[in-house]
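Asker: here is my input; please provide its structure:
(one chain, ligands or ions: 1)
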Amino acid sequence: MLEVKDLVAGYEQRVLIRNLFFSLRAPAFVAIVGHNGGGKTTFFKALTGQLPYQGHIHIQGMQVKDLPRRVMGSLLSYLPQKNSVSFPIPVRDLAVMGLIRKKRFLENYDANDYHQVDELLSELEIAHLAHQDFTQLSGGEQQLVWLAQLILQDTPICLLDEPTQQLDVYHKKHVFHLMTSWVTQQQKTVLCITHDLPNLIGHTGYLLNLSKPHPQLEILNSETLQENISFLEKKPI
Ligand SMILES: Nc1ncnc2c1ncn2[C@@H]1O[C@H](COP(=O)(O)OP(=O)(O)OP(=O)(O)O)[C@@H](O)[C@H]1O
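Answerer: Sure thing, here's the model as predicted:
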């Protein structure tokens, strides 16, 4: 369902992704790991059609390059590493925008939409923030609100770029459990860039280490996790 063949991507003089091949059957969880500057976000930019690439990326048999924006938005949601809002807005009103794809032009959000938001904020344990100004929240609280917005998009594939970066130990654990539960309970395919390898212990899925000379999907288990941690403890080549 997600097929990457002979993918080459990067910027001008610098190729960061070289001849990447993998084939992923949905639903699945993939932790994308690697050293800083190794090309993880670059890979997501190629996957979302924001960066030109050579080779093939097929989602449900369709080449990403050829997908109209609207179709792309229905297949794939993307939570970037950095996201910001420069105006005051209540948390509920920002989160509900995740439902925009389901609305007609100029159609307002209704009570059902806000009910969905409230349920989700409760699941993420941030219901108490619902009416607060988003711009006044802590970095970790903001990250959980962005996550709520992404979940509401309800796409078959979710790409998350370091979604636990600013979270405390408790919330990191909670979010990793949530991500793997979307796979098992909602049949989603979740690709998550992360440096939190110890939090992957006990989860089912794959690892893709983009710092390796020939990255490939590795089954996530205690051995592969330890081998990848040891690999990443070494200086990048
Ligand atoms: N638009 C751009 N033009 C040129 N170089 C870029 C551009 N965007 C990123 N880079 C460079 O490409 C390299 C890879 O960046 P990328 O963001 O993909 O790394 P990453 O693996 O996600 O890193 P991190 O773990 O630090 O988030 C970096 O050295 C970065 O400076």
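
Asker: in which helix or strand would I find the spatially most central residue of the chain?
Answerer: For the chain, the residue nearest the mean C-alpha position is Leu160 (1.4 Å; Cα atoms, centre = their mean). Using DSSP states H and E, Leu160 falls within strand 157-161.

Asker: return the distance of that strand from the chain's centre.
Answerer: Going by Cα atoms, centre = their mean, to the nearest Å, the spacing between the C-alpha centre of strand 157-161 and its chain's C-alpha centre is 2 Å.

Asker: which residues does Thr194 contact?
Answerer: Ala31, Ile32, Val33, Glu162, Pro163, Thr164, Leu200 (Cβ atoms under 8 Å, 6 or more residues apart in numbering). C-beta here means a position set from N, CA and C on the backbone, and glycine is covered the same way.

Asker: show me what the first one is bridged to.
Answerer: Think Ala31. Beta bridges link Ala31 to Cys192, Leu207, judged by DSSP bridges.

Asker: what number of residues are in the vicinity of it?
Answerer: 26 (other Cβ atoms under 10 Å).

Asker: got it, and the third one?
Answerer: When counting by other Cβ under 10 Å, one arrives at 27 neighbours for Val33.

Asker: where do the helices sit along the protein?
Answerer: Applying DSSP state H to the chain gives helices spanning 40-47, 69-75, 91-95, 111-123, 139-153, 169-186, 222-233.

Asker: if I look at the residue nearest to the centre of the chain, how far off is Arg70?
Answerer: Counting by Cβ to Cβ, to the nearest Å, the separation of Leu160 from Arg70 is 22 Å.

Asker: Ile237 too?
Answerer: Between Ile237 and Arg70 the computed distance is 41 Å (Cβ to Cβ).

Asker: isn't Asn209 right next to Val33, touching?
Answerer: Yes - the pair Asn209 / Val33 is scored as a contact, 5.1 Å apart, by Cβ atoms under 8 Å.

Asker: quick check: neighbours shared by the two?
Answerer: Shared contacts of Asn209 and Val33, defined by Cβ under 8 Å, 6+ apart, comprise Asn228, Leu232.

Asker: okay, the helices of the chain in CSV with distance to the ligand and mean neighbour count next?
Answerer: CSV is the format used below for the helices of the chain (distance: least, Cβ to the nearest ligand atom, whole Å; neighbours: other Cβ atoms under 10 Å):
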stretch, distance to the ligand, mean neighbour count
helix 40-47, 3, 23
helix 69-75, 20, 14
helix 91-95, 24, 22
helix 111-123, 27, 15
helix 139-153, 15, 20
helix 169-186, 16, 16
helix 222-233, 11, 14
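
Asker: skip the chain neighbours and tell me the closest residue to Lys172.
Answerer: Thr164 (4.3 Å; Cβ to Cβ, 6 or more residues apart in numbering).
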